[in-house]
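> sequence plus the predicted model coming up.
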Amino acid sequence: MIKVNAIGDACPIPVVKTLNAIRELKGPDVIETMVDNAIAVENLTRMADKKGCAIQTEQLGEKEYRVTITVGEASLSQATDMDAEVICDLPRSGKKNTVVVISSKVMGHGGDELGTSLMKGFIYALSQQEQLPTTILFYNGGASIPCEGSVSLEDLQNMAAQGVEILTCGTCLNFYGLTDKLAVGEVTNMYAIVEKMTQADLIVKP
């Protein structure tokens, strides 16, 4: 049995932690995840159902739940499937089509060290908004942000898990030698970038 402590973690972290635990399994086993809210229980239940895992839930206290997931052989092959419908069921009705455009690894003009810190803070703050953007576009110098080693990678992965579309310019990745380093989202092209921007209700550019 693998025990996962997700007490105090906001969606989608409990599911992400549980999926990570499933990926570590060498064979059929049991994952026990502790959470502190019913929404997390619902999200874990949805994930387990989609993976074909048996699940048991138990409320131990006012803000303490134990979710026990039994993982079989068939479920192990699906452990990397982290699409949005598995991770979280978040209300998005009536949401504006907001597109965030990031064309540099730094925010603003001035010192690169400060600019990098500001961009990291911007992406973190973006990930904490009640209404997340529909799409985040990365191009030119910004193409390095969704790649391996980025300080913002975890925030981007959390947003992607909640249904945010993350697209990075393929030409830019190739130019900077990052084609094999993309760690979250998908590769796109300039036609699609223009299409996303022209169809947006709101464009945000830090």
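Received, thanks. Residues are numbered from 1 along each chain as shown.
> hey, let's count contacts and neighbours off CA atoms from now on
OK.
> please enumerate the helices of the chain.
Under the criterion DSSP state H, the chain carries helices at the ranges 13-24, 38-51, 73-76, 84-87, 112-127, 153-161, 170-175, 190-198.
> can I get these in JSON lines including distance to residue 59 and mean neighbour count?
Putting the helices of the chain into JSON lines (distance: least, CA to CA, whole Å; neighbours: other CA atoms under 10 Å) gives the following:
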{"stretch": "helix 13-24", "distance to residue 59": "16", "mean neighbour count": "20"}
{"stretch": "helix 38-51", "distance to residue 59": "9", "mean neighbour count": "20"}
{"stretch": "helix 73-76", "distance to residue 59": "25", "mean neighbour count": "16"}
{"stretch": "helix 84-87", "distance to residue 59": "21", "mean neighbour count": "20"}
{"stretch": "helix 112-127", "distance to residue 59": "29", "mean neighbour count": "16"}
{"stretch": "helix 153-161", "distance to residue 59": "26", "mean neighbour count": "21"}
{"stretch": "helix 170-175", "distance to residue 59": "47", "mean neighbour count": "18"}
{"stretch": "helix 190-198", "distance to residue 59": "44", "mean neighbour count": "14"}
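> and these: which comes nearest residue 58?
Of all the helices of the chain, the one in closest proximity to residue 58, counting by CA to CA, is helix 38-51 (9.3 Å).
> could you tell me the end-to-end distance of stretch 149-165?
End-to-end distance of stretch 149-165 (CA to CA, to the nearest Å): 20 Å.
> what's the offset of that stretch from the middle of its chain?
Offset of stretch 149-165 from its chain centre (CA atoms, centre = their mean, to the nearest Å): 4 Å.
> so what's the model's average confidence on that stretch?
Along stretch 149-165, the predicted confidence averages to a pLDDT of 95.
> go on, stretch 117-131?
The average pLDDT within stretch 117-131 is 93.
> between the helices of the chain, which gets the lowest average pLDDT?
Mean pLDDT is lowest for helix 84-87 among the helices of the chain, at a mean of 46.
> mind listing residues that contact stretch 30-38?
Among residues not part of stretch 30-38, those counted as contacts by CA atoms under 8 Å, 6 or more residues apart in numbering are 1-9, 14, 18, 21-22, 41, 63-71.
> is it true that residue 2 touches residue 21?
Yes: with the criterion set as CA atoms under 8 Å, residue 2 and residue 21 qualify as a contacting pair; they are 7.1 Å apart.
> what are the C-alpha coordinates of stretch 53-68, in PDB please?
This file holds the C-alpha atoms of stretch 53-68, laid out as PDB (Å, rounded to 0.1, in the frame of the first residue of the first chain):
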ATOM      1  CA  CYS A  53     -10.000   1.000 -10.400                       C
ATOM      2  CA  ALA A  54     -12.100  -0.100  -7.400                       C
ATOM      3  CA  ILE A  55     -12.600   2.700  -4.800                       C
ATOM      4  CA  GLN A  56     -13.800   3.000  -1.300                       C
ATOM      5  CA  THR A  57     -14.300   6.300   0.500                       C
ATOM      6  CA  GLU A  58     -14.700   7.000   4.200                       C
ATOM      7  CA  GLN A  59     -15.300  10.200   6.100                       C
ATOM      8  CA  LEU A  60     -13.200  10.100   9.300                       C
ATOM      9  CA  GLY A  61     -14.000  13.600  10.600                       C
ATOM     10  CA  GLU A  62     -15.400  16.900   9.600                       C
ATOM     11  CA  LYS A  63     -12.500  17.700   7.300                       C
ATOM     12  CA  GLU A  64     -10.900  14.300   7.000                       C
ATOM     13  CA  TYR A  65     -11.600  11.700   4.300                       C
ATOM     14  CA  ARG A  66      -9.800   8.500   3.400                       C
ATOM     15  CA  VAL A  67     -10.000   7.300  -0.300                       C
ATOM     16  CA  THR A  68      -8.800   3.800  -0.900                       C
END
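> fine, thanks again, bye for now.
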